[in-house]
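Colleague: here you go, sequence then predicted model.
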Amino acid sequence: MNYKETTEFLFNKLTSFQLSGKSAYKPGLDNIIALDDSLGNPHKSFKSIHVAGTNGKGSVSHMLASILQEAGYKTGLFTSPHLRDFRERIRINGEMISEENVVDFVRKNIAVINRIQPSFFEISTAMAFDYFRNCGVEVAVIETGLGGRLDSTNILAPLVSVITNIGMDHTDLLGDSLEKIAFEKAGIIKNQIPVVIGRSQSETAHVFRKRAIDCKSEISFADQEFTCNYSMLTLDNKQSFNIAKNENILWPNLKTDLLGQYQIENSKTVLATLTFLENHLKISKDAVYNGFSDVMENTGLSGRWQVLCQSPLTVCDTGHNVDGISKVVEQLKNTAYKNLHFIFGVVNDKNIDGILNLLPKNAMYYFTKASIPRALDEKVLLEKALKFNLQGKSFPTVQEALEAAKNIAEIEDMIFIGGSTFVVAEVV
């Protein structure tokens with residue numbers, strides 16, 4: 001098989017959550033343990049940081065990887081989903097796994113794959129662990145796929161576990177309350193391994209504290225440890241902020257190329273994580289500053305309040321659930337424009353009414369759908385949106401919606417593209 005045939009095999013024969021949703025989810029560790037055993041347990045060959053959470057785990061993972069790279073470590077990064085190319089999921093020092101490595105892994109392990117019948121994510125996880133070992137990765141940042149307790153990445157014994165925040169997402173799989181979802185995420189907390197919680201939430205804090213006590217693990221709530229009152233945009237188009245602890249500024253003028261205001265929360269989570277990593281790794285202040293400053297360049301991260309064009313201002317963001325969209329709407333309120341053109345599409349397993357209820361009424365909407373089976377039909381989305389007094393038209397493809405917005409938008413206007421990671425994937 002060539003690369004195209006290999007990825008088609010991974011997506012179609014193994015069934016991916018990215019394309020199929022719930023039917024692709026295989027909870028439990030039996031398959032990944034069997035795969036990992038067949039490969040000689042590659043996950044034991046490198047140090048790791050394990051990251052879970054409803055929102056922000058991708059940004060946190062990339063920030064940590066960028067800092068570790070700047071500190072001189074050969075750094076693996078495993079994240080999901082990808083935007084355009086499967087290889088985005090598996091990187092070393094920002095470089096994607098090669099097409100040849102993907103093909104070779106599947107070819108060499110096809111008999112095991114056919115015997116175990118793993119999910120797409122299980123085989124992706126095994127591929128990443130094997131690749132990191134073979135390439136001599138020193139430390140890897142590993143993002144969970146879904147949940148935590150039964151996620152295939154949860155065979156790791158990391159240096160530190162990180163849980164960014166808890167929101168109502170994937171409720172059909174993880175539970176119908178914040179408390180139940182937190183229980184699943186808390187499953188990545190291991191015996192005597194410290195854990196960082198990014199956001200303190202009254203509904204979930206007790207779940208994490210109980211798990212930490214049971215595991216004899218030190219626990220830190222990043223938003224209680226660090227504070228940041230505001231951010232500014234610098235002349236070199238980066239976001240700058242001061243991070244304080246006990247009212248003393250520890251990290252003055254910390255810059256990042258990630259422009260979403262929600263990155264302040266993620267940055268505090270990263271800094272709290274670094275506090276624990278000091279016991280295991282040498283990370284200088286310069287590495288931290290440089291790592292924050294060049295996350296996109298170092299790791300290839302895209303789609304997080306990413307400016308695609310300045311005139312008219314065109315921005316995309318992968319926020320795709322109630323919590324994520326609320327952060328997007330908050331930033332839109334703080335952005336200057338004459339008229340807002342909102343290109344919007346969702347997948348069919350989200351709390352669509354909850355999301356639509358958050359969206360600004362003073363926008364022109366271009367309802368569309370990404371080219372994946374899970375995407376909600378654009379006409380159905382338009383019909384739902386009208387009930388929330390959101391005005392606009394429907395377009396069968398993201399590109400048609402974008403072209404329509406570009407044709408109408410004036411220089412002083414803003415075009416925003418979002419609602420789904422897969423919508424954003426078609427414009428970056």
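Modeller: Cool, the structure landed.
Colleague: when you work out contacts or count neighbours from here on, use the C-alpha atoms and nothing else.
Modeller: OK.
Colleague: regarding the spatially most central residue of the chain, which helix or strand does it belong to?
Modeller: Taking C-alpha atoms, centre = their mean, the centroid of the chain lies closest to residue 58, which sits 2.7 Å from it. Element membership for residue 58, per DSSP states H and E: helix 57-70.
Colleague: which helix or strand lies directly C-terminal to that helix?
Modeller: Counting by DSSP H and E, what follows helix 57-70 is strand 75-78.
Colleague: what's in contact with that next one?
Modeller: The contact list for strand 75-78 (C-alpha atoms under 8 Å, 6 or more residues apart in numbering) reads 61-62, 65, 68-69, 89-94, 125, 128, 132, 137-143.
Colleague: same check on stretch 80-95?
Modeller: With C-alpha under 8 Å, 6+ apart as the criterion, stretch 80-95 contacts 7, 18, 58, 65-66, 69, 74-79, 96-99, 128, 132, 137, 143, 145, 298-300, 421-422, 424-426.
Colleague: recalculate using a threshold of 6 Å.
Modeller: 75, 76, 77, 78, 79, 96, 97, 128, 298, 299, 425 (C-alpha atoms under 6 Å, 6 or more residues apart in numbering).
Colleague: if we can go back for a sec, so of the contacts of strand 75-78, which ones are in helices?
Modeller: 61, 62, 65, 68, 69, 125, 128, 132 (DSSP state H).
Colleague: need the buried ones from those selected in PyMOL.
Modeller: Only the buried entries of those go into this PyMOL selection, using 16 or more other C-alpha atoms under 10 Å:
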select buried, resi 61+62+65+68+69+125+128+132
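Colleague: tell me the one among the ones in helices among the contacts of strand 75-78 nearest to residue 183.
Modeller: Nearest to residue 183, judged by C-alpha to C-alpha, of the ones in helices among the contacts of strand 75-78 is residue 61 at 21.1 Å.
Colleague: do you know how far the nearest residue to that closest one once chain neighbours are set aside is from residue 297?
Modeller: In space, and not counting its chain neighbours, residue 61 is closest to residue 141: 6.1 Å by C-alpha to C-alpha, 6 or more residues apart in numbering. Distance, residue 141 to residue 297, by C-alpha to C-alpha, to the nearest Å: 17 Å.
Colleague: and those two? which has more neighbours close in?
Modeller: Using other C-alpha atoms under 10 Å, the more surrounded residue of residue 141 and residue 297 is residue 141, with 23 against 13.
Colleague: gap between the more buried one and residue 270?
Modeller: Residue 141 is 12 Å from residue 270, by C-alpha to C-alpha.
Colleague: for residue 203, same thing?
Modeller: For residue 203, the distance to residue 270 - C-alpha to C-alpha - is 23 Å.
Colleague: of the two, give the one with the bigger neighbour count.
Modeller: residue 270 (25 against 13).
Colleague: contact partners of the helix or strand hosting the more buried one?
Modeller: Assessed by DSSP H and E, residue 270 sits inside helix 263-277. Contacts to helix 263-277, defined as C-alpha under 6 Å, 6+ apart, come from residues 60, 198, 222.
Colleague: adding pLDDT, write those out as JSON lines.
Modeller: Listed next are the contacts of helix 263-277 as JSON lines, based on pLDDT from 0 to 100:
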{"residue": "60", "pLDDT": "98"}
{"residue": "198", "pLDDT": "98"}
{"residue": "222", "pLDDT": "98"}
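Colleague: using JSON lines, please lay out the residues you listed together with distance to residue 250 and neighbour count.
Modeller: Shown next, in JSON lines, are the contacts of helix 263-277 (distance: C-alpha to C-alpha, whole Å; neighbours: other C-alpha atoms under 10 Å):
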{"residue": "60", "distance to residue 250": "19", "neighbour count": "28"}
{"residue": "198", "distance to residue 250": "18", "neighbour count": "29"}
{"residue": "222", "distance to residue 250": "14", "neighbour count": "23"}
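Colleague: so which of these comes closest to residue 292?
Modeller: Distance to residue 292, by C-alpha to C-alpha, is smallest for residue 60 among the contacts of helix 263-277, at 10.4 Å.
Colleague: low-confidence ranges in the protein?
Modeller: In the predicted model, the chain carries pLDDT under 70 at residues 15-26.
Colleague: in terms of secondary structure, what does the top strand by length along it contact?
Modeller: As assigned by DSSP state E, the longest strand anywhere in the chain is strand 248-256. Judged by 3 or more C-alpha pairs under 6 Å, 6 or more residues apart in numbering; DSSP states H and E, strand 248-256 is in contact with strand 239-245, helix 285-293.
Colleague: ok, which of these comes nearest residue 310?
Modeller: Smallest distance to residue 310 across those (C-alpha to C-alpha): 16.4 Å, for strand 239-245.
Colleague: ok, and what's touching the closest one?
Modeller: For strand 239-245, contacts defined as C-alpha under 6 Å, 6+ apart pick out 226-228, 231-233, 249-256, 259.
Colleague: also stretch 41-59?
Modeller: Identification of contacts with stretch 41-59 by C-alpha under 6 Å, 6+ apart yields 129-130, 133, 138-144, 158-167.
Colleague: strands - which of the residues you listed land there?
Modeller: Those of those mapping onto strands are 139, 140, 141, 142, 143, 160, 161, 162, 163, per DSSP E.
Colleague: list the contacts of the first one.
Modeller: Shown here is residue 139, whose contacts under the criterion C-alpha under 6 Å, 6+ apart are 46, 47, 48, 75.
Colleague: closest to residue 410 out of these?
Modeller: Taking C-alpha to C-alpha as the measure, residue 410 sits nearest to residue 75 out of these, at 43.7 Å.
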